[in-house]
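Participant: Based on what follows, work out the 3D shape:
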Amino acid sequence: MTGVAADIVLTGVARTFGPLIALDRVDLTVPAGASVALMGANGAGKTTLLRLVAGLSTPTEGAITIAGVDRREAGGRLRAMLGYVGHESMLYGDLTVRENLAFHAVLHELDRDAVTRAAVRFDVTHVLDRPARELSRGNTQRAALARALLHEPAVVLLDEPFTGLDLASSERLTSILTDLHARGHTLLLTVHDASHATLAERLLVLDAGRVVIDAVPRDREQVETLLRTATGRPPSDSDGAAPTVNPLAEVAP
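Facilitator: Sure thing, here's the model as predicted:
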C-alpha cells in the first residue's frame with residue numbers, strides 16, 4: 001500500500017455551478033480503512049463528491065482533508081495515496097494498454113513487474129498491446145481499474161466501477177474490493193445496483209446534494225427500501241443500469 005491508511009473528512013463542503021447546488025454543505029467522515037457506498041438519483045451529488053475528494057474539482061465552500069492533509073495543499077505524497085476511476089477512463093487513447101500502465105508505473109516509481117501484476121489482476125493481458133481507444137467498454141473499464149490500482153493506493157475512489165463489466169469481471173472486481181478492504185484500504189464508491197452496495201460496510205444515500213441516509217447495508221432488499229424512502233422512487237429509477245452523467249457535475253473548475 002502506498003503511504004499509510006488514510007481517513008477522509010469533509011467539513012461544510014458545498015459545490016455550486018451557477019444556480020445549481022450539486023453539494024449542499026456536507027459534513028462527512030470516512031475513517032481510515034472503511035468502505036463506503038454512495039447511492040442516489042442522477043444529479044444527487046455522488047459524482048461531484050467523489051471528484052472533490054479526488055481533487056478534480058474544488059469546493060465552493062468548506063474543506064476536505066485526507067490523512068489530515070488539506071486537499072487544497074495536496075502534493076505528490078497525497079496524490080500517490082489516491083486511486084480514482086470515474087466515468088472517463090483517463091487512459092491515453094493513442095497509447096496501448098501496456099504503455100498506459102507503464103506510464104503510470106513510472107509516475108509512482110514502480111518496476112515493470114507492477115504492470116504485469118496489474119494486467120493479470122484485472123484480466124487485460126490479452127489487450128495489452130492494443131491502443132486504448134480501440135477497447136470495448138468492458139476492457140476499457142478493466143484497464144482503467146488496473147491503472148488506478150496499480151500503485152496500491154491507500155484511498156480508492158470508484159465512480160460506478162461495475163458499469164460495463166460482465167458477470168465474471170464483476171465477480172473479479174468484487175473479490176479485489178473485498179481484499180482491499182481487508183488489507184486496510186479506504187474505499188469510497190458510487191453504485192447503482194443495490195446488491196453492490198452490500199459490498200460496503202456503510203451506505204450513504206444522497207438527495208439534492210445532501211446525505212439523507214447513513215446506514216449499514218444488510219442486504220439488497222433493505223437497500224432498495226432505503227432508496228425508496230430517500231428518493232420516493234423505486235431503485236430502478238435511482239440511477240439505472242447505465243448512469244446518465246450530469247454534465248454540470250462533471251465540469252472541472
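
Participant: can we go C-alpha only for contacts and neighbour counts from here?
Facilitator: Fine.

Participant: surely A197 meets V216?
Facilitator: No - between A197 and V216 there is no contact, the gap being 9.6 Å when judged by CA atoms under 8 Å.

Participant: where does the stretch 1-150 of the chain dip in pLDDT?
Facilitator: Low-confidence segments of the stretch 1-150 of the chain (pLDDT under 70): 1-4.

Participant: Now do the strands for it: every range, in order, please.
Facilitator: Assigned by DSSP state E, counting those that start in this stretch, the stretch 1-150 of the chain shows strands spanning 8-17, 20-30, 35-39, 61-66, 69-70, 82-85.

Participant: picking up where we left off before, more crowded one of A197 and V216?
Facilitator: Between A197 and V216, A197 has the larger neighbour count (other CA atoms under 10 Å), namely 26 against 17.

Participant: one step back: any chance of JSON lines for the strands of the stretch 1-150 of the chain, columns distance to D123 and mean neighbour count?
Facilitator: Below are the strands of the stretch 1-150 of the chain laid out as JSON lines (distance: least, CA to CA, whole Å; neighbours: other CA atoms under 10 Å):
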{"stretch": "strand 8-17", "distance to D123": "30", "mean neighbour count": "20"}
{"stretch": "strand 20-30", "distance to D123": "30", "mean neighbour count": "19"}
{"stretch": "strand 35-39", "distance to D123": "24", "mean neighbour count": "26"}
{"stretch": "strand 61-66", "distance to D123": "31", "mean neighbour count": "20"}
{"stretch": "strand 69-70", "distance to D123": "35", "mean neighbour count": "14"}
{"stretch": "strand 82-85", "distance to D123": "17", "mean neighbour count": "24"}
